[in-house]
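*Asks:* Everything below, folded, please.
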Amino acid sequence: MGLHQASFRIRHECPYRDLSERYPDLTIREWYLSDCQVLEISSSDAPSEELLDAVSRLGTVLHKSSDSAGLNVVMQSCLCSLEDSIIERFEEHNCLYQPPTIHRHGWEHYTVIAFEEASIRAVYEDLESDRDIEVLSKTGLEETQIPHTMLAPVDTLFDGLTERQLDALRLALDNDYYEQPRQASVNDLAAQTAVARSTFEEHLRKAENKLVKNAGQFVRLLAETDESSGLGTTPRSTPSVADTD
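*Replies:* As a prediction, this is how the structure comes out:
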């Protein structure tokens with residue numbers, strides 16, 4: 001089973017699409033975080049006051065460079081509801097979304113990776129039912145090593161973790177709990193908090209379980225990629241009786 005990558009563009013009604021259509025030299029790159037969107041907006045043309053005003057209405061400006069050489073803005077925007085969003089529809093068809101989304105000339109550009117070509121066909125047919133969509137490229141990745149940094153968006157890995165679970169995880173890391181041999185026990189960690197040992201351990205175990213579950217799709221992609229490049233691990237032999245203590 002190999003990996004398959006597809007890039008396509010979609011016409012979807014949203015403020016970013018409208019802005020990129022009105023200003024053809026504009027490029028908007030969009031990243032999803034847990035509770036917001038980060039946008040990088042750039043143009044090689046000197047921006048007009050009208051464009052600057054339109055950009056400022058999209059969200060909170062974190063950085064802006066604007067002169068005769070062009071425009072570069074990094075901003076944070078409220079995260080619109082993702083219910084029935086394109087990203088959710090990728091997930092429904094077992095396609096891994098590769099950020100960022102790029103808005104240009106009135107189109108949204110997406111790239112996805114899937115284990116099966118049929119998954120890419122399914123997501124295309126789903127989106128085609130209610131949107132204009134054009135496939136830009138389809139590539140088999142059996143011989144391609146995907147950069148590991150592309151596989152694990154931070155917001156996806158930490159999705160669903162509560163503040164208390166993250167605090168428990170950080171405390172464990174700070175005290176070398178995951179070193180071999182361990183440098184601290186659960187009792188040691190809990191003693192540094194204001195909660196009972198059982199409560200702390202529950203927070204820590206739930207954090208660990210969520211991390212492993214969230215990382216599952218990336219682990220599978222890495223395994224598939226390593227196998228295609230000849231780097232896969234050899235099957236483990238059946239343990240002997242002495243090993244099963």
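
*Asks:* Phi and psi next, for residue 134.
*Replies:* phi -130, psi 130 (degrees, to the nearest 10).

*Asks:* Does it touch residue 6 like I think?
*Replies:* No: taking C-beta atoms under 8 Å as the definition, residue 134 is not a contact partner of residue 6, at 11.4 Å. (Glycine included, C-beta is placed from N, CA and C.)

*Asks:* Looking at those two, which has the bigger crowd around it?
*Replies:* Under the neighbour definition other C-beta atoms under 10 Å, residue 134 and residue 6 were set side by side, and residue 6 has more, 21 against 13.

*Asks:* Grab the nearest non-local neighbour of residue 11.
*Replies:* Of all residues not flanking residue 11 in the chain, residue 132 sits nearest, at 4.0 Å (C-beta to C-beta, 6 or more residues apart in numbering).

*Asks:* What is the neighbour count of that neighbour?
*Replies:* Residue 132, neighbours per other C-beta under 10 Å, totals 12.

*Asks:* The one 4 residues further on now?
*Replies:* Taking other C-beta under 10 Å as the neighbour definition, residue 136 ends up with a count of 12.

*Asks:* what pLDDT does it get?
*Replies:* Predicted confidence (pLDDT) for residue 136: 92.

*Asks:* Backbone torsions only: list them for it.
*Replies:* phi -100, psi -30.

*Asks:* Now for the residue nearest to it when sequence neighbours are not counted, how many residues are close by?
*Replies:* Nearest residue to residue 136, sequence neighbours excluded (C-beta to C-beta, 6+ apart): residue 7, at 4.5 Å. The number of residues packed near residue 7 is 16, by other C-beta under 10 Å.
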